[in-house]
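Engineer: predicted structure and sequence below. I'll ask about it afterward.
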Amino acid sequence: MATRAQNAVVYGAAAVQGIVLVTFPAASTILTGPAYYGLSSTKYGFLFLPQVILAITTSLAGAWLSSRAGTKPIYLAGLGCGLLAMVLLLISQRYMADEAVAYPLLLAATAFVGAGFGLTVPTLNLLTAAFHPARVDASVLVLNAVLGIGTVLAPVFVAIFVGLGFWQGLPITSAVMLAILIAVSARLQLSAGARRTASQRSTRTPIPARFWIYAVFAVLYGICETVNGNWAQLDMTGTHDASTTQASLALTAFWAMVTLGRVLFALVQKHFPPARTFHLLPFALTAIFVLIAILPKGSPGWAIAAFGLAGLGCSALLPLTISFGQEELTALSATIAGGVIACYQLGYGIAAFGVGPLLDAGVKLPAVYAAAAAVAAAMGLLSFVVSRRPQMNPAT
């Protein structure tokens, strides 16, 4: 059982990681605004490619590294990567007028965001499951709800700091919080289990066929979440002629409902089983994407409400994918969290940098949301396969 200090640090790290993860999408109007960095849609989308590559690589390598170095060093390394990302973002703002210098700095910053995410988030999920073995589903939902609080705060901070004429306040705030977390965490015992012995390292558990079902689901989820998280603000300003504040409010509404939904479904799981939630949400998300696609132009109020509903539709899906996988494939519990996060990041990448060239080619964002509805429907059908968890040897 975890101590209060251990729980506080794990949940605090989740919140700060949420802020760091959404810093660049929340600052999309800064990154694409002519008065700031002035990036095209393609360059803005491509900005997330290093993040995705590093997040996938570190997520997959995290379990292997933890088995050799221990959980705590990997967790601290992830926080350190996030801190470096915020420092690079701050340095880049000095060269906003010189894209040849600013853009490589931004690419490096997003790379470290990805590395930090890939190292920290699977570790936090693993620690939470180890600290609360009797209620894994609920504890993972709560952890990801706390991470969601951070994703809510990022666009709020951007709106506040932009209003104050000091958008750099967001990366400064994140850097300070990360530094404090590193200092506090260094003093605590944080472990999800003993390191593997030399004999254990020589025995590899094969990846079961069932894992790939979870993997595909995570990719589809990553696409659905990211068309909201990375492109909602640009849809607000481009389709609905919204102000920067309204665009930030739409992103805030999305992440706020992601967070509230995770808390809600954790609280009601005794009366509304997680498997039922897992089946319902993708089809609800399908309907919401259709609504976003057909909203009349110049409807910022309705669009904000629709993006909020999209957040509720996304809310519990990723945490339940992780917890279902950890419970079913127990021999690979450490690998499952990292593998699911890596596949989620692959879906994130498809939507993050795949949409940009489409927009520059003349495709409109409502058409993108219509296509996302089909992805959500496919995810709903696959949910019945994922949640049908047979009693099986995890290594088969």
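Structural biologist: Perfect, thanks for sending it.

Engineer: what residues are up against residue 45?
Structural biologist: With CB atoms under 8 Å, 6 or more residues apart in numbering as the criterion, the residues that contact residue 45 are 230, 352-357. (Each C-beta comes from the backbone N, C-alpha and C, glycine too.)

Engineer: tell me where the stretch 1-150 of the chain has helices.
Structural biologist: Along the stretch 1-150 of the chain, the stretches classed as helices by DSSP state H, counting those that start in this stretch are 4-26, 28-32, 41-46, 49-69, 71-92, 99-131, 136-163.

Engineer: ignore what I typed, I meant the stretch 251-396 of the chain.
Structural biologist: In the stretch 251-396 of the chain, the helices defined using DSSP H, counting those that start in this stretch lie at 274-294, 300-314, 317-328, 333-360, 365-386.

Engineer: ok, which of these comes nearest residue 8?
Structural biologist: With CB to CB, the closest approach to residue 8 among those belongs to helix 317-328: 19.8 Å.

Engineer: sorry, back to before: which one, of the helices of the stretch 251-396 of the chain, ends up nearest to residue 121?
Structural biologist: Distance to residue 121, taken as CB to CB, is lowest for helix 333-360 among the helices of the stretch 251-396 of the chain, at 5.6 Å.

Engineer: by contact count, what packs against the closest one?
Structural biologist: Applying 3 or more CB pairs under 8 Å, 6 or more residues apart in numbering; DSSP states H and E, one finds that helix 333-360 contacts helix 41-46, helix 49-69, helix 99-131, helix 209-229, helix 317-328, helix 365-386.

Engineer: make a markdown table out of those and add distance to residue 148 and mean pLDDT.
Structural biologist: Formatted as a markdown table, the helices and strands packed on helix 333-360 follow (distance: least, CB to CB, whole Å; pLDDT from 0 to 100):
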| stretch | distance to residue 148 | mean pLDDT |
| --- | --- | --- |
| helix 41-46 | 23 | 85 |
| helix 49-69 | 18 | 80 |
| helix 99-131 | 12 | 86 |
| helix 209-229 | 11 | 90 |
| helix 317-328 | 10 | 81 |
| helix 365-386 | 19 | 93 |
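
Engineer: for those helices, which one sits closest to residue 11?
Structural biologist: So among those, helix 99-131 is nearest, using CB to CB, at 8.6 Å.

Engineer: now the angle from that closest one to helix 71-92?
Structural biologist: Here helix 99-131 runs at an angle of 160 degrees relative to helix 71-92 (axes from the mean of the first three to the mean of the last three CA atoms, to 10 degrees).

Engineer: buried sites along helix 99-131?
Structural biologist: Of the residues in helix 99-131, those buried by neighbour count under the rule 16 or more other CB atoms under 10 Å are 102-103, 105-131.
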